[in-house]
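S.K.: need a structure here:
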Amino acid sequence: MRLPEVLFYDTNNTELNNTEFSNTKTPSFDEDEVTNNNHSKKSQQSFIAIGKIIQKNLELRSVVQGLIPDLLLNEPQQAEIVVRALDRGYHFLITELEKNNSILTLQKQLQGDDSIKLFLTKIGGK
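M.R.: As a prediction, this is how the structure comes out:
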């Protein structure tokens, strides 16, 4: 026994044939867009971190600009690593100078207040 609806199904009935789907748009990103967005966010975070380090230690600005200008532009995440290392190195050298390290004391006498910056530039350039 068949159901009555099936027996009397009319294929010309437009009410049943023309089903409308809701037209919702969902944002779709391909892998490159997702990768670029993530890279862009990480780059921005690196620039912010570099800015904060240099803001705390203005002496590093000229050292960073002299040593890694291309890295700052092209690879900000790598530049952040280098800037952090330079900052740690700077603080280490200042501490050693305060402990009257003979080499650093002599260098300061010869080169003046910029001796630590010049030392970092020389060491970082190698």
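S.K.: going by C-alpha atoms from here, please, whenever you check contacts or count neighbours.
M.R.: Noted.
S.K.: contact partners for residue 115?
M.R.: Counting by Cα atoms under 8 Å, 6 or more residues apart in numbering, residue 115 touches 104, 107-108.
S.K.: just the element for it, please.
M.R.: Per DSSP states H and E, residue 115 falls inside helix 115-124.
S.K.: now do that helix, average pLDDT.
M.R.: When pLDDT is averaged over helix 115-124, the result is 84.
S.K.: for it, which positions count as buried?
M.R.: For helix 115-124, burial by neighbour count (16 or more other Cα atoms under 10 Å) applies to 115-121, 124.
S.K.: quick one: the helices in this structure, in order.
M.R.: Assigned by DSSP state H, the helices in the chain fall at 4-7, 14-17, 31-56, 60-67, 69-74, 76-98, 102-111, 115-124.
S.K.: and the angle from the fourth one to helix 76-98?
M.R.: Read that as helix 60-67. 120 degrees (axes from the mean of the first three to the mean of the last three Cα atoms, to 10 degrees).
S.K.: before we move on, the earlier item: spatially, which two of the buried residues of helix 115-124 are the most separated?
M.R.: Pairwise distances across these (Cα to Cα) peak at 13.9 Å, for the pair 115 and 124.
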